[in-house]
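# Need the 3D shape of this:
(one chain, ligands or ions: 1)
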Amino acid sequence: MTNPIYLALDVPQIDPAKALVEKLKGHIGGVKLGLEFFCAHGHHGVHEIAHASGLPIFLDLKLHDIPNTVAGAMQAIHVLEPAIVTIHASGGRAMMEDAKAAAADGCKVVAVTMLTSLDERDMARTGLSGSANDQVLRLADLAQEAGLDGIVCSGHEVGAVHKQWKDGFFVVPGLRPEGKATGDQKRVVTPRAARDDGASVLVIGRPISKAVDPVMAAREIEATL
Ligand SMILES: O=C(O)c1cc(=O)[nH]c(=O)n1[C@@H]1O[C@H](COP(=O)(O)O)[C@@H](O)[C@H]1O
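Below you'll find the predicted structure:
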């Protein structure tokens, strides 16, 4: 079984980021580089981490704009050869179709549905009524119609999404081992629960990167899977 853990490398400085992936590369399946890292270090930083880790790179850019702009951004990152890229499902079907058409062959394009930092009260304040589960299922349908590879959702919804989209690729963040601080995450489950419910990739950041011993933390999580 390949290791489903992708380390969320939300570390602002390049040298500590490289040192961390070098230590962890035998205990994770890939590295997720997000907005914090990409805005600070751009293409050069992505190459550095790919080289230091030798692992698949998940470029978490959460693109959300008009179709033409998102397609252009997708083309601009071909050179980085990411294994996975995120866009926002709420950008709509045409945006998702054009993003997938512009992606490099073999790059999985997945749509963020409802951020794991939000709960139903937050949803209501943005004008969305109903449950988080329904919202995620609705956006998952749209992403599937648009020809995407899968979605990003919390571990609360991944079981239901997996039932309706059997061969989908499901990225689950908002993961915390039993008893760990949730911080800004609101829809949280354990890595094991997400895996059991059909997650393809487990995105884990602070429970590993901020641990006193990140290698031990990653090994302990892996042992629960
Ligand atoms: O797209 C993501 O990866 C993502 C979507 C989401 O709904 N929630 C979410 O936390 N993430 C990312 O997953 C990572 C979670 O980090 P930790 O909370 O430190 O484990 C961060 O890099 C977030 O940007």
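# could you say what helices and strands the longest strand anywhere in the chain packs with?
Counting residues, the longest strand found in the chain (DSSP state E) is strand 57-63. Packing partners of strand 57-63 (3 or more Cβ pairs under 8 Å, 6 or more residues apart in numbering; DSSP states H and E): strand 30-33, helix 35-53, helix 67-76, strand 84-88. All C-beta atoms are positioned from the backbone trio N, CA, C, and that covers glycine.
# Please tell me how far the closest residue to the ligand within the chain sits from Leu7.
Residue of the chain nearest the ligand, by Cβ to the nearest ligand atom: Gly205 (2.6 Å). Using Cβ to Cβ, to the nearest Å, Gly205 is found at 7 Å from Leu7.
# what do these two both touch?
Lys32 (Cβ atoms under 8 Å, 6 or more residues apart in numbering).
# okay, these two: which has more neighbours?
Between Gly205 and Leu7, Leu7 has the larger neighbour count (other Cβ atoms under 10 Å), namely 28 against 19.
# what residue lies at the spatial centre of this protein?
Val171 (5.3 Å; Cα atoms, centre = their mean).
# which is the next helix or strand following the helix or strand that one falls within?
Per DSSP states H and E: Val171 is located in strand 169-172. Next along the chain after strand 169-172, taking DSSP H and E as the criterion, comes helix 191-196.
# Send over that next one as PDB, restricted to the C-alpha atoms.
Provided in PDB are the C-alpha atoms of helix 191-196 (Å, rounded to 0.1, in the frame of the first residue of the first chain):
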ATOM      1  CA  PRO A 191      -6.600  10.100   9.800                       C
ATOM      2  CA  ARG A 192      -7.800   6.500  10.300                       C
ATOM      3  CA  ALA A 193     -11.500   7.400  10.200                       C
ATOM      4  CA  ALA A 194     -10.900   9.300   6.900                       C
ATOM      5  CA  ARG A 195      -9.000   6.400   5.400                       C
ATOM      6  CA  ASP A 196     -11.700   3.900   6.400                       C
END
